[in-house]
Each structure stands twice: as C-alpha cells, then as structure tokens.
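Asks: structure here, sequence nowhere to be found:
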C-alpha cells in the first residue's frame with residue numbers, strides 16, 4: 001500500500017461519527033421474537049432511548065427495521081421540538097423503502113444509502129429517483145454499502161454522533177468493521193428462546209473466541225424492571 005493510500009485509509013477510519021449502539025434485549029439475548037414482536041423494555045427505558053435520540057446528530061437503522069416496524073425515528077416520548085430530531089439514516093442496499101414509510105415524513109431529514117445494485121436494476125433505479133424527492137441518496141460503489149465510506153460521508157455532513165438502532169445483521173457488520181464506539185443495552189427480565197428469533201448480533205459471526213470484540217463495562221443501573229449496561233468497545 002502506498003503512503004498516500006495509507007493516509008487516506010486512516011483518514012476514513014478517523015473521520016467518522018462517535019457511534020453508540022443502543023438496543024433492548026431479553027435475558028437470553030433476543031431483540032425480537034421469531035414473529036418479529038419487539039415489545040421488550042419498559043416505559044422508563046423508552047424515555048431513556050428518546051433522551052439519547054435528542055442528544056445525537058443522527059440515528060441509523062437497516063432496511064428490515066423500516067419494512068417490519070415502519071418507525072419514525074424521531075424524539076416523541078419526551079418533551080421535544082422538531083429541531084431535536086436527529087437525521088435519519090437507512091442502510092438499504094437495493095433501495096426498497098416504500099414511499100409511504102414514516103421515516104420519509106418531513107419531521108426530520110433522511111439519508112438513504114444504497115449499493116451499486118440499484119443502478120443495475122431499472123425498477124430499483126426508478127424507485128430511487130422517486131425516493132430522492134423525499135430523502136438524500138448516498139450511492140455506494142460496491143455491491144453492498146461500504147460502511148466505512150458511509151461513516152466518512154456522514155461525518156462530512158456534520159453528523160458527529162450517531163445512534164445505531166440496527167438489526168442483528170447491521171449490528172454485526174458495524175462492529176466487525178470496528179465502527180462502534182459504545183454499546184448501551186437494556187436487558188429485560190424475560191426469556192423468549194427460539195432459534196429463529198434475532199439476537200443482538202447475528203450476521204456471519206466470528207469463527208474463534210480470540211477474534212471476538214472486547215468490551216469494558218463503564219456503567220450499570222436498574223431502570224424500572226430493566227437493567228441498563230453501558231460498555232466501551234475496546
């Protein structure tokens with residue numbers, strides 16, 4: 001690798017938002033049941049989540065979260081004004097977001113990130129042209145969104161702090177690329193089981209324990225019936 005390319009790579013890694021993965025899960029690590037039911041944490045934790053949303057510049061999810069849950073990704077569980085809403089980012093390789101999705105409303109700005117698969121499919125390309133009237137489109141040049149490139153882009157858009165509310169696949173992709181700085185988890189005192197129920201991190205996983213991502217517990221406290229754990233990613 002040339003010195004110039006090495007400097008550019010280091011800049012891409014450094015010039016990224018501070019990323020906080022926030023999630024609620026059951027005691028057995030599930031973030032949803034096999035049917036997609038998501039009601040895990042208590043009302044106190046919901047307020048905590050919205051307080052965090054109010055503090056960050058952006059909030060990111062994957063396309064499956066949008067298709068299944070149709071979230072607004074705004075601050076609405078606590079007193080707020082429109083300017084409190086973070087910029088919403090959706091990782092959507094094939095540009096599948098329905099035009100009537102709530103994440104495309106005018107409550108906040110939205111950035112949709114797609115891959116080069118969109119340009120190779122006429123139907124997807126036409127759909128993205130319609131989406132571009134409601135959101136900013138970031139096209140990755142690869143067959144799946146290059147997350148490091150995306151982080152660099154978001155930083156250039158003045159998104160200095162990013163809340164990740166991803167599903168299990170996006171969560172693993174982000175942590176595998178060393179793009180997560182902090183993990184905050186609400187653990188609810190319930191067990192759902194099920195081999196098809198999503199966990200906090202799925203994806204391809206690591207083959208050996210010595211490849212695992214190490215964490216350092218920074219804070220823990222009881223919140224209503226739930227337990228909040230805050231970790232620094234080492």
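Replies: In hand now; what should we look at? Everything quoted here is computed from the prediction, not taken from an experiment.
Asks: wasn't residue 127 part of a helix?
Replies: Yes: per DSSP: H, G, I helix; E, B strand; the rest coil, residue 127 lies within a helix segment.
Asks: got the contact list for it?
Replies: Under the criterion of Cβ atoms under 8 Å, 6 or more residues apart in numbering, the neighbours of residue 127 are 95-96, 99. Quick note: C-beta positions are derived from backbone N, CA and C, even for glycine.
Asks: in the protein, where is pLDDT below threshold?
Replies: The chain contains residues with pLDDT under 70 at 1-14.
Asks: rewinding a little: out of the contacts of residue 127, who's the most crowded?
Replies: Ranked by neighbour count (other Cβ atoms under 10 Å), the contacts of residue 127 have residue 95 at the top, with 27 neighbours.
Asks: any idea how far that residue is from residue 65?
Replies: Computed with Cβ to Cβ, to the nearest Å, the distance linking residue 95 and residue 65 is 16 Å.
Asks: do residue 52 as well
Replies: From residue 52 to residue 65 the distance is 17 Å (Cβ to Cβ).
Asks: who has more neighbours out of the two?
Replies: Neighbours per residue, other Cβ under 10 Å: of residue 52 and residue 65, the larger number sits with residue 65, 21 against 18.
Asks: quick one: the strands in this protein?
Replies: Assigned by DSSP state E, the chain shows strands spanning 18-26, 58-62, 87-91, 110-114, 136-139, 161-164, 182-188, 215-223, 226-233.
Asks: export these as JSON lines, with columns for distance to residue 120.
Replies: Listed next are these as JSON lines, based on distance: least, Cβ to Cβ, whole Å:
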{"stretch": "strand 18-26", "distance to residue 120": "30"}
{"stretch": "strand 58-62", "distance to residue 120": "21"}
{"stretch": "strand 87-91", "distance to residue 120": "18"}
{"stretch": "strand 110-114", "distance to residue 120": "11"}
{"stretch": "strand 136-139", "distance to residue 120": "12"}
{"stretch": "strand 161-164", "distance to residue 120": "28"}
{"stretch": "strand 182-188", "distance to residue 120": "35"}
{"stretch": "strand 215-223", "distance to residue 120": "39"}
{"stretch": "strand 226-233", "distance to residue 120": "35"}
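Asks: tell me which of these approaches residue 150 most closely.
Replies: Closest to residue 150 of the strands of the chain, according to Cβ to Cβ: strand 110-114, at 5.5 Å.
Asks: got the angle for that closest one vs strand 87-91?
Replies: Between strand 110-114 and strand 87-91, the angle comes out at 20 degrees (axes from the mean of the first three to the mean of the last three Cα atoms, to 10 degrees).
Asks: contacts for strand 110-114, please.
Replies: 58, 87-95, 97, 103-104, 128, 131, 134-140, 145, 150, 154, 157.
Asks: neighbouring strands - and their directions - for it?
Replies: strand 87-91 (parallel), strand 136-139 (parallel) (DSSP bridges).
Asks: what's the longest one in contact with?
Replies: Going back to what we said before, that points to strand 87-91. If you take Cβ under 8 Å, 6+ apart as the criterion, strand 87-91 is touched by 57-63, 66, 73, 97, 103, 108-113, 145, 147, 150, 154, 157, 159, 162, 166, 170.
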